[in-house]
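> Build me a model from this:
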Amino acid sequence: MKLGFSVKVLGRPGLKSHDTRRWQNHPHLSVSLVYLRDIFAYLRQQGIRMYRMASELAPYLTHPVMGQFHHQIDECQTELAAVGEIARADGLRLSFHPGSHVVLNAPDEAVAARSRADLVALARLLEGMGLGPEAMIVVHVGGVYDDRQAAMARFVEAIGQLPEATRRRLALEHDDAHFSLSDCYRLHQHTGLPLVYDHQHHLVHNPERLPAGEALRLALSTWPAGVRPKVHFSSPRTEMRLVERANPDGGQRSLLQPPLWTQHADYINPFEFIAFLRLAEGLPDFDVLLECKAKDLALLRLRADLARYAPELAVRLEGVESLRLAEARELYEAEMESLEGVQPDEVRVLVVVVNNRRDFELARREGWYRIPVKRAPPQVGADILAFYQTAAFGPEERWAVNTYALVKRYRIVTRAELLPEEADHPRAGDRYFKVEIGPLQKLPRPVPSRRLRRITFIPTTLERLLHAEEINDLWLGNPLQERLWAALKAEEIAAEREVEVPEVLATEAADFVIPCAEGEVIVLCGGRVLGEGMHTLREEGISYGTAARQVILRFNTRQIAEALSDCVTAVAEAIARLGGLAGQNRSLP
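As a prediction, this is how the structure comes out:
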C-alpha cells in the first residue's frame, strides 16, 4: 500500500508545488517541472511513493485569450519526459484532482467546454511524462442544478465527448453533498470510469445507507485489471471554528461555531484509519491518498502511529521497510520542527558557483546558466539565481556572491546544444538544466566566504541573501540547525555550515564544522550515520576521530529545543580541548 498526500509540502522549507507567478511575469510549465523534480527528491528521501500534483502545473495553459501560454506542453516535452523518468524510477504514483472550476455537467456549454479542455490538457501532461494507467485525474460529477437526472445525463454526455486518451485517465469520486457513491456507481455503469472511494464523503453523504465496507468493495470492483485502485481518507475536523459576522450596526464580530464534519482535520486520527484498514481486510489491495491540512507531516505522523498501534499494518506500507517505532518517532520529531521553516510566499534563491569568466559572460550576455543534471542539487527550482565567484575573478569579486538574476525558465538540453562550438567535447551528450535568466544585477553588498572551502549550491531566500554578512548566513537549515547557528553566532563561535567530512559522514555534509588550533569540532543535529573510523561514547554523545583531531558532537531535537545553552557549552568545551578557535591564518587572502 502506498500512502500519499496532495500538492503542498510542509516538511521541507521552500519547496513550491508549481509556478505561481502572475501572467505579467511570464510563468511557465518548465519552472513548475523543476519544482516538481525537487519535490520528488524530498519524497524519495522520506519513502513517500504517492503524490497529487498541482492542477495548475502549466499556468494559464487553457486560458481562452492568452494564447502565449497555449503551447507550454509542446515546449516542454523533454522536461516532461525527464520528470516522468524520475517518477517511474522511484515507483511514484502521481495524480491530478482539478479544482471546482472544472464542472463537466454544467448547463452552460462554455463552462463545460472549458472543463473538457482542462482535462484534455491534464491528460496530455500525464502522457508527456510517460506514466502508466495508475496515474489518474480524479473528477467529481458537478452540480445538481435542480434536476439530478438531467445533471447525471449531461455528465455521461460530457465524458463521451472527451478523447479516448483523456477518458482512460479519469476516475470518478463521489462528493459530500450531491452525488453519493451509489449515484457514481450508476454513472460508472454508463461511462466505465473507475470509482475513487472517499471515506469521509461516504460517512457524511450516504442517503442509501450503504455500509462502508460494502461501499468500499463496490468502488474497488470498478477498477480495471492490472491497475491498483486508490481511495481517499481523511478525518473530520473536530475543533471549534472562529467565524466573522457583520454587526447590524456596522463592523465585525467574532463568533465561535461548532465544527463542520465535511471539513478535513490537520492530521489523520490513527484509530479511525486502523479501523478502516481492518474493514478492508479480504478486499483487493489499494493505495490511499490522505486529505489533511498538515499534508506530508500528517502522513509521516500516521506512519509513526501505525508502527506504534498496529505494526502488523505498518509493514504493508511501501517505501518504509522494517519501520521500527524508534525510527518512526525520530522521523516524526524532526519533521515536526520543519513547521517553523520558510514561509510559503518567500522568494527562493539558489546560489550557484561560477568558477571561470566565460560562464559568467554567458550568463551576462546570453542570459543562461547551466547545471549538470547528474550533479544537480536536490533543490534546483528557484525564483532567483545568485552567483558565487571563485578565485578565477579579481580581488574585488572573488570568493563572494556579488550578483543575482531573476529566473525565467528551465530547459533540459545537451551540452552540445548549449555550446555547439564544442560538439566534440567528451561530455557533449550529457544533459544539463539550462536556466534562462534576466539581466545580472549587483547586490547592495557582497556576501563573502571567510574561509577557503568548497562551495557548490546553496538554496536560500532573498531576505537572507540581502541581509547575510557572510556565506554561512545563507544556508537554509531546519529549525534545529537555525537555532544552534544563531546561538553559536551570539557567542562569536565561527562555524562553517554544510561541510563535507567524508571520513565522518558517508553520504551527507556535517551541519557545522568549527576549525580549531589543533583540529576541528564537528556538530551534527539529529541522527546521522558515522563513517567506519568512528566510535561513540554514550555518556555525552561525543565521538573522536581516529587521529584524535576531531571531536564530533551530536544533539537531538529535544536537546536543542529545550537545553540550547547546554549544547553551546558542550561546543565551547570541545573547542577548548582542541586548543581554541583557529587563528586568522585559515582565512582567505
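
> alpha carbons only for contacts and neighbour counts from here, please
Fine.

> the helices in the stretch 51-200 of the chain, which residues?
Under the criterion DSSP state H, counting those that start in this stretch, the stretch 51-200 of the chain contains helices at 72-75, 77-89, 109-128, 148-161, 164-167, 181-191, 199-204.

> average pLDDT for the fourth one?
Mean pLDDT, helix 148-161: 96.

> what helices or strands is it leaning on?
Where contact means 3 or more Cα pairs under 8 Å, 6 or more residues apart in numbering; DSSP states H and E, helix 148-161 is packed against helix 181-191.

> just checking, what packs against the helix it packs on?
If you count contacts as 3+ Cα pairs under 8 Å, 6+ apart, helix 181-191 packs onto helix 148-161, strand 170-173, strand 195-198, helix 212-220.

> I'd like to know which of these is closest to residue 517.
Minimum separation from residue 517 across these (Cα to Cα) falls at strand 195-198, 62.4 Å.

> and for the closest one, what are the contacting residues?
Strand 195-198 has contacts (Cα atoms under 8 Å, 6 or more residues apart in numbering) with 138, 171-175, 181, 184-185, 188, 215-216, 219-220, 222-223, 229-233.

> Buried subset of these, written for ChimeraX?
Of those, the buried ones can be selected in ChimeraX as follows, counting by 16 or more other Cα atoms under 10 Å:
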select :138,171,172,173,174,175,181,184,185,188,215,216,219,220,222,223,229,230,231,232,233
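
> Output the helices of the stretch 51-200 of the chain in a markdown table, with distance to residue 391 appended to each entry.
Listed next are the helices of the stretch 51-200 of the chain as a markdown table, based on distance: least, Cα to Cα, whole Å:
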| stretch | distance to residue 391 |
| --- | --- |
| helix 72-75 | 38 |
| helix 77-89 | 34 |
| helix 109-128 | 43 |
| helix 148-161 | 62 |
| helix 164-167 | 54 |
| helix 181-191 | 65 |
| helix 199-204 | 60 |
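
> where does the stretch 251-400 of the chain have low pLDDT?
Applying pLDDT under 70 to the stretch 251-400 of the chain flags residues 321-345.

> where do the strands sit along it?
252-257, 287-290, 348-354, 368-372, 384-389, 400-414 (DSSP state E, counting those that start in this stretch).

> on that earlier part again, quick check: which of the helices and strands packed on helix 181-191 is nearest to residue 496?
Set against residue 496 and scored by Cα to Cα, the helices and strands packed on helix 181-191 come closest in strand 195-198, at 49.3 Å.

> Partner strands of that closest one and their direction?
Strand pairing for strand 195-198, using DSSP bridges, gives strand 170-173 (parallel), strand 230-233 (parallel).

> picking that back up, got the strands of the stretch 251-400 of the chain as CSV, with distance to residue 155 and mean neighbour count columns?
Shown next, in CSV, are those (distance: least, Cα to Cα, whole Å; neighbours: other Cα atoms under 10 Å):
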stretch, distance to residue 155, mean neighbour count
strand 252-257, 36, 11
strand 287-290, 25, 22
strand 348-354, 42, 24
strand 368-372, 47, 21
strand 384-389, 44, 24
strand 400-414, 38, 22
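
> Output the strands paired with strand 195-198 as TSV; include the columns distance to residue 311 and mean pLDDT.
Shown next, in TSV, are these (distance: least, Cα to Cα, whole Å; pLDDT from 0 to 100):
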stretch	distance to residue 311	mean pLDDT
strand 170-173	30	98
strand 230-233	19	97
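
> From the centre of the chain, point out the most distant residue.
Centroid-distance maximum for the chain: residue 249 at 46.7 Å, with Cα atoms, centre = their mean.

> So for that one, what's the pLDDT?
pLDDT, residue 249: 79.

> circling back to that earlier point, so which of the strands of the stretch 251-400 of the chain comes closest to residue 157?
Using Cα to Cα as the measure, strand 287-290 is the one of the strands of the stretch 251-400 of the chain that comes nearest residue 157, at 28.6 Å.

> if we can go back for a sec, adding distance to residue 574, write the strands of the stretch 251-400 of the chain out as JSON lines.
As requested, the strands of the stretch 251-400 of the chain are exported to JSON lines (distance: least, Cα to Cα, whole Å):
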{"stretch": "strand 252-257", "distance to residue 574": "54"}
{"stretch": "strand 287-290", "distance to residue 574": "46"}
{"stretch": "strand 348-354", "distance to residue 574": "32"}
{"stretch": "strand 368-372", "distance to residue 574": "39"}
{"stretch": "strand 384-389", "distance to residue 574": "32"}
{"stretch": "strand 400-414", "distance to residue 574": "30"}
